[in-house]
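Asks: below are the sequence and a predicted model for it; my questions follow.
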Amino acid sequence: MLKRLIPALLLGLVCAHARANTEISIAARMGEPQAIVLSGKTSSQQLVVTAKDGTKLWDATHKVTYQVKPAGIVICQPSGLVKPIKNGKGTITVQLSGAAPVSIHFEVSDTEKESAADFANEVIPILTRSSCNSGACHGKAGGRNGFRLSLLGYEPEKDFRYIVYENRGRRASPAAPDQSLLLQKATGEIPHEGGVRWEIGSESYNAIRRWIAQGLPYDPESPHKVERIELFPTGRTYQPKTSQQLVVTAIFTDGTRQDVTHMAQYEANQEDMAEVDENGHVEFKNLWGSTSVLVRFKEHVATFFGNITLGEMVNTPPAKNFIDEQVFKKLKLLGLPPSAPCDDPTFLRRVSLDVAGRLPTVDEIKSFLADKDLKKRSQAVERLLDDPGYAHNFANKWTSLLRNKRSRYDGARVTFAFYDWVHNAIKQNMPYDEFVKSIITASGESNANPSVLWYRSFKNDKDFVVEPKEKSEDFAQIFLGIRIACAQCHHHPFDQWSQKDYSALTAFFSGLNIKPGASKDELVLVRAKKQNQFNNTAPAALGGEELEISKYKDPRFSLANWISKNDNPYFAKSFVNRYWKQFFGRGLVDPIDDMRVTNPPSHPELLDQLAEHFVKNHFDMKSVIRLICNSQTYQFSSTPNKHNAGDQQNYSRFIPRRLPAEIFLDSINDVTEMHESFDNQETGTTRVLYLPDDQYNTRIPFLQTFGRPKMDSASDSARKTEATVNQSLAMINSSEILRRISYSGGRAARMAKSKDDINGQIDELFLQAFARYPRKDEKQRAVKYIQSKVDLAGKNTSLQANNKKEGIEDLLWALINTKEFMFNN
Amino acid sequence: MNRRELLRLGMMAAPALAMPLRAASPIVTPKKDTNIIFIWLPGGLPHMDMYDMKPDAPIEYRGIYSPIKTNAPDIQVSELLPRHAKIADKFSIIRSMHHEFTDHGGGSKRFMMARQPKIPNGTINDSPAISAVIKQQLGPLSDYGMPSVIGLGYGSVGTMGPAWLGQAHAPFLVPGNPSTPGFKVSNIGVDDKMANRLVDRMMLLEGFDKGQGSNDGKGTAEAIHKFNDQALAMLTSEKVKDAFDLSKEAKSVRERYGMNDFGQKGLLARRLVENGARFVNVNWSAPASPPKTCAGNWDCHAVNCNLHKDLEWRLGPYDQALSALIEDIYQRGMADNTMIVVTGEFGHTPRINNQSGTKTGVLQPGRDHWAKAMSVLVSGGGTRGGQIIGATNSKGEYPIDRAMTPNDLWVNMLMHLGVDHNLVLRDELNRPIPVLPFGKPIKELLTS
């Protein structure tokens, strides 16, 4: 057995007080300074040395010197890695200038024996670490160039078969281990498209060679299985440009422990903040905030989480609710000063766009600015929550995730009915648990229960079918924030979910069928089969026990009960995280639908408190919005101070966001005063945001160009927010935009004809576009430009009128092309 | 102020910016001057009547046409393709292409996405078309504003969809028939009046667009500036405008290609790749408005057309246009850089089916959908011509040698463009998705 650490007695923390106020401590795992016990010549132990200056902790593992006494029994590398030479006992003393030395004992045994090779716990991890079994190489479905491996080594039994029995045994030949293709390819002795993975004589080479030479031993039933892994340290606060050595210990089902630091895999979640090497050494860059590192050994994962501090003095305005308390606490921890609170015009434009999905009207802005009430901001939030735009804004969001896509053949009623149902639920502020339960337990005719329509998946472009896998994947992603799809074919690479978990969740949605109803506008959902198993697996909620449900009962009701239980770990959190993103542009866990142990929240306590609030308030969706919009955090200015321009995750300023396609086009329509007329739209609406399905995505290409989702994905990221050259073409020269600007019934025409003072008209235009009055220079520029156009016409009055209109058109074009207009600032 | 001054103002396009995703495989150096003219015959070409003749098969299979010899010893083509016969040393025919989707939408998606579509019909991709990946990898525009990936006409354009890659990677669409007098391309070569107005507008915008926050820390504002510059370059570039202007070609050249939809689109494609386009999907549905006995595209069911009348009507212009294009790229020394691929979504049934035509009302011959075997023509791109690659059985029903799928052809096409064919992209769930889940280079076509 390679690199084994026999369990040792707890010895208590060994610290030594130094003359110059620095203390150091040393640990072999979990912060426990146990004796190092090395058994077998391939064993090893990574140490972690922590220094303490006053209250500040820092990692000194790579900074200290290691002295081994007596010499010749172990070797301790400058990185703190201890390897055996021969059997014996002794002490390693750690020295750091300015600190008293500390020591740790070691004991080495069994170096004369060759360790028994271990296919599952040694060979497979090497293949994983060398990326042999990654999705891009041999782990790809069907393998690569004739050699396949299970993805990330999750199925050792299959890997054993592939390596040992396929290709006429040439991959691993015990008779001539060095002639094994597995070694010759990976070392590049035989040309290998994947390049050299390890050198001859390296530890990886030797370990695999040993396994081959020992006759390819493998016992799938071996009790020596990894039960869990431990990580030390799991994280704390760091200065920029410092580092941290990690130690990873595997704990086996038979109770043994082993240092696997040099066998595990590491992946930095935010590469701009921290890098990690293959030995578990994390180096922080010159950027502050929270950062995490994913650690994986076999199917087990752990996460290291560090806060990197800037260290400036932080003064915060008074906290308005617990959101601010948590956010400010973090800002203080990081030493990151926030921007100033935003002004009234900025607030009203921001909150109107975010809550009601529209720009504030000129009248709303004027009265808001004139209002002297100290509570006017929270009153505005209340007004907007009652605005018709609110329900449409959020119905738009939900129906898109719930795939309200129209088929080529179905009547509009199908998608309209579903939209109306969702819209009404939001409008009436239906408790969220009830909303979700109504969707997942829906049955019967769509006319009576429109929420059954969530169950329709496209069999082809005309017929529908219930696709249990799509439903369980969507359910997990939308309502739990979990991406379970990976686990359909293999163990989730970054999470705890197995194929069994996947099947158990999918079992809730098995046995359903959807068929045409009495009219072409109607579908009927029935439990066609008395069946509640999927892949021979009984239903179980994620992380829950298998449920014994009679096949005569619809298992979906059990799932519905599970979601709203107070201790459900995902349901409420996923919702508040999703809504948080609506207002801040990123989730506390981000991406919002990828909540997993290896993707920790930036503000864990805040996420917990928001979820608690939500549950306590009976899943009142509006209450979460109220809380967020009334927080000081939401009301910070987006203008950065000296320190926080680079802040993406600590909410020290408001991060401007581009307007979503629908709201952007509505806003252009409000500015140009050309409104939409839609055919076949029941609502008779003129607002793009109120469109119930994807039908207009092709009729108004602008919507797709600016990233409106096709409404056939449960992924939040189906809405694209990046800038593209097509968007520039659309804004600069498309007929869609030019038509609006020059519309004969629009604002340019109206302003050109008006006898009113041009100054007042420009004020009104700015109020509409930016919710603020123009600055003096802006007003001058606008007036001057229009006048210069009029002057070009000389004395020809009809040409004057025409030129004035053209001048105003140019002005409209320029304003809707400003970043200030395109963004919610 | 005129266009030239506008560009001097610093609004000149920056080099096109590709947004690379994490690639798992070794970096492949993108080539700059290689390109592909991808000719799509919607409905699928009837291989038994064109490139995979079976003179020894029963009459209901072989049909009424005979193969003719060509200037390449190994290649025989249909007697309806006499101009092909003179230049067969400059192209190769793959006879053993096949897949499993016999619906037009499904087959097109299968071909363009290089994987199995989730639903077997419809034209909306559930995974990005390879052409969208090409655009994402090579950037949307060339240095001076030529769109990199272009769709001429509709047809496979539906299945060029970028799916989760995002609308930014949809092709630049040029609808219409370039042989018609009123043919105009939107967003190319704006007139002087509009150009001047754009200058005014851009200057006005500059005055209003100063430091109003909008700093999202992710560079979006900067990206908008950059793309605005690129868009302006595209709108005002003389070079791009000229590339789309067929009147710049000598009348004799235009006539050599044929004054019809096929010919002029082929010529336009050549002009576009000469001027920086990298992948031009040319949709050849019909050379002109079809007579009663003929179909609007290559879907030669008896219900749609009389197979023989249809082929005799469409293959003349086809033979002329394609041979002109091939000759032209060889004569101009473009044959190493420009690869021409001609394909449809599938082949047609080897056995002729007689049915009553919808338009004619009389019993007539036709061939139905067939994906188990199809023929593909490849020319240029450094490939050796004069080869027959693969073979079907005696009745043209399925491959008996070198069976291959569209993925294999995509490997060669990506290699030609310098795009890593082992590229792995991340989908909406951040899962690593290989662009080509399988596929091997067609060795016969690799540059020797």
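Replies: Ah, there it is. Numbering: from 1, shown residues only, chains lettered A, B, ... in the order given.
Asks: what residues are up against A:Val314?
Replies: Neighbour list for A:Val314: A:Phe328, A:Leu331, A:Lys332, A:Gly335, A:Leu336, A:Pro337, A:Pro338 [criterion: CB atoms under 8 Å, 6 or more residues apart in numbering or on different chains]. For every residue, glycine as well, the C-beta is placed using N, CA and C.
Asks: same question for A:Phe394.
Replies: Shown here is A:Phe394, whose contacts under the criterion CB under 8 Å, 6+ apart are A:Ile426, A:Met621.
Asks: and it, what element?
Replies: A:Phe394 belongs to helix A:388-401 when assigned by DSSP states H and E.
Asks: could you dump that helix to CSV, C-alpha only?
Replies: The C-alpha coordinates for helix A:388-401 follow below in CSV (Å, rounded to 0.1, in the frame of the first residue of the first chain):
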residue,chain,number,x,y,z
PRO,A,388,-48.5,45.0,-13.6
GLY,A,389,-45.0,44.8,-14.8
TYR,A,390,-43.9,42.9,-11.7
ALA,A,391,-46.0,39.8,-12.4
HIS,A,392,-45.0,39.8,-16.0
ASN,A,393,-41.3,40.3,-15.3
PHE,A,394,-41.2,37.3,-13.1
ALA,A,395,-43.6,35.2,-15.1
ASN,A,396,-41.3,35.8,-18.0
LYS,A,397,-38.4,34.5,-16.0
TRP,A,398,-40.2,31.4,-14.8
THR,A,399,-42.0,30.4,-18.0
SER,A,400,-38.6,30.6,-19.8
LEU,A,401,-37.0,28.2,-17.3
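Asks: how about that helix: buried residues?
Replies: A:389-401 (16 or more other CB atoms under 10 Å in any protein chain shown).
Asks: could you do stretch B:242-254 as well?
Replies: B:Ala243, B:Phe244, B:Asp245, B:Leu246, B:Glu249, B:Arg254.
Asks: do stretch B:66-82 as well
Replies: Going by 16+ other CB under 10 Å, stretch B:66-82 has these buried residues: B:Pro67, B:Ile68, B:Thr70, B:Ala72, B:Ile75, B:Gln76, B:Val77, B:Ser78, B:Leu80, B:Leu81, B:Pro82.
Asks: need the three-state assignment for the second one.
Replies: So the one you mean is B:Ile68. Following DSSP: H, G, I helix; E, B strand; the rest coil, we place B:Ile68 in the strand state.
Asks: not counting sequence-adjacent ones, nearest residue to it?
Replies: B:Glu79 (4.9 Å; CB to CB, 6 or more residues apart in numbering or on different chains).
Asks: my read: that neighbour touches B:Gly63, true?
Replies: No - B:Glu79 lies out of contact with B:Gly63 (CB atoms under 8 Å); the separation is 11.0 Å.
Asks: leaving out sequence neighbours, find the closest residue to the residue in the stretch 301-448 of chain B that chain A sits nearest to.
Replies: The stretch 301-448 of chain B approaches chain A most closely through B:Glu428 (3.9 Å), counting by CB to the nearest CB. In space, and not counting its chain neighbours, B:Glu428 is closest to A:Ser715: 3.9 Å by CB to CB, 6+ apart.
Asks: and the stretch 151-300 of chain B, which residues reach chain A?
Replies: Within the stretch 151-300 of chain B, the positions adjacent to chain A are B:164, B:166-168, B:170, B:186-187, B:190, B:194, B:197-198, B:200-201, B:204-205, B:207-209, B:212-218, B:220-221, B:223-224, B:227-228, B:230-232, B:234-235 by CB under 8 Å from any CB of the partner chain.
Asks: just the buried subset of these, please.
Replies: B:164, B:166-168, B:170, B:187, B:190, B:197-198, B:200-201, B:204-205, B:208-209, B:212-217, B:220-221, B:223-224, B:227-228, B:230-232, B:234-235.
Asks: sitting in strands, which of these do you find?
Replies: The strands, defined by DSSP state E, take in nothing from those.
Asks: now, those residues that are in helices?
Replies: Per DSSP state H, helices hold the following members of those: B:197-198, B:200-201, B:204-205, B:208, B:220-221, B:223-224, B:227-228, B:230-232, B:234-235.
Asks: which stretches of the stretch 251-400 of chain B form helices?
Replies: Counting by DSSP state H, counting those that start in this stretch, residue ranges of the helices within the stretch 251-400 of chain B are B:251-257, B:261-274, B:307-331.
Asks: would you turn the ones you listed into JSON lines with mean pLDDT and distance to A:Lys805?
Replies: Formatted as JSON lines, those follow (pLDDT from 0 to 100; distance: least, CB to CB, whole Å):
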{"stretch": "helix B:251-257", "mean pLDDT": "97", "distance to A:Lys805": "42"}
{"stretch": "helix B:261-274", "mean pLDDT": "97", "distance to A:Lys805": "38"}
{"stretch": "helix B:307-331", "mean pLDDT": "98", "distance to A:Lys805": "48"}
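Asks: okay, those helices in JSON lines with distance to B:His98 next?
Replies: JSON lines is the format used below for those (distance: least, CB to CB, whole Å):
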{"stretch": "helix B:251-257", "distance to B:His98": "31"}
{"stretch": "helix B:261-274", "distance to B:His98": "26"}
{"stretch": "helix B:307-331", "distance to B:His98": "22"}
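Asks: list the contacts for the residue nearest the centre of chain A?
Replies: Per CA atoms, centre = their mean, the C-alpha nearest to the average position across chain A is that of A:Pro591, at 1.7 Å. Contact analysis of A:Pro591 by CB under 8 Å, 6+ apart lists A:Asn599, A:Asp716, A:Ser717, B:Asn430.
Asks: among those, name the buried ones.
Replies: The buried subset of the contacts of A:Pro591 (16+ other CB under 10 Å) comprises A:Asn599, A:Asp716, A:Ser717.
Asks: would you mind giving the secondary structure of the last one?
Replies: Reduced to three states with three-state DSSP, the structure at A:Ser717 is helix.
Asks: pLDDT score for the nearest residue to B:Gly366 once chain neighbours are set aside?
Replies: Of all residues not flanking B:Gly366 in the chain, B:Ala302 sits nearest, at 2.9 Å (CB to CB, 6+ apart). B:Ala302 carries a pLDDT value of 96.
Asks: B:Ala302 contacts B:Gln364, doesn't it?
Replies: Yes - counting by CB under 8 Å, B:Ala302 does reach B:Gln364; the two are 5.2 Å apart.
Asks: now pLDDT and secondary structure too, for the buried residues of stretch B:66-82, in CSV please.
Replies: Converted to CSV, the buried residues of stretch B:66-82 look like this (pLDDT from 0 to 100; DSSP: H, G, I helix; E, B strand; the rest coil):
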residue, pLDDT, secondary structure
B:Pro67, 97, strand
B:Ile68, 98, strand
B:Thr70, 98, coil
B:Ala72, 97, coil
B:Ile75, 97, coil
B:Gln76, 97, strand
B:Val77, 97, strand
B:Ser78, 98, strand
B:Leu80, 98, coil
B:Leu81, 98, coil
B:Pro82, 98, helix
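Asks: which of these sit farthest apart?
Replies: Using CB to CB, the buried residues of stretch B:66-82 span at most 17.7 Å, a distance reached by B:Ala72 and B:Leu80.
Asks: near chain B, which residues of the stretch 601-750 of chain A?
Replies: Counting by CB under 8 Å from any CB, the residues of the stretch 601-750 of chain A close to chain B are A:637-640, A:645-648, A:655-658, A:704-705, A:707, A:710, A:713, A:715, A:717-718, A:720-729, A:731-735.
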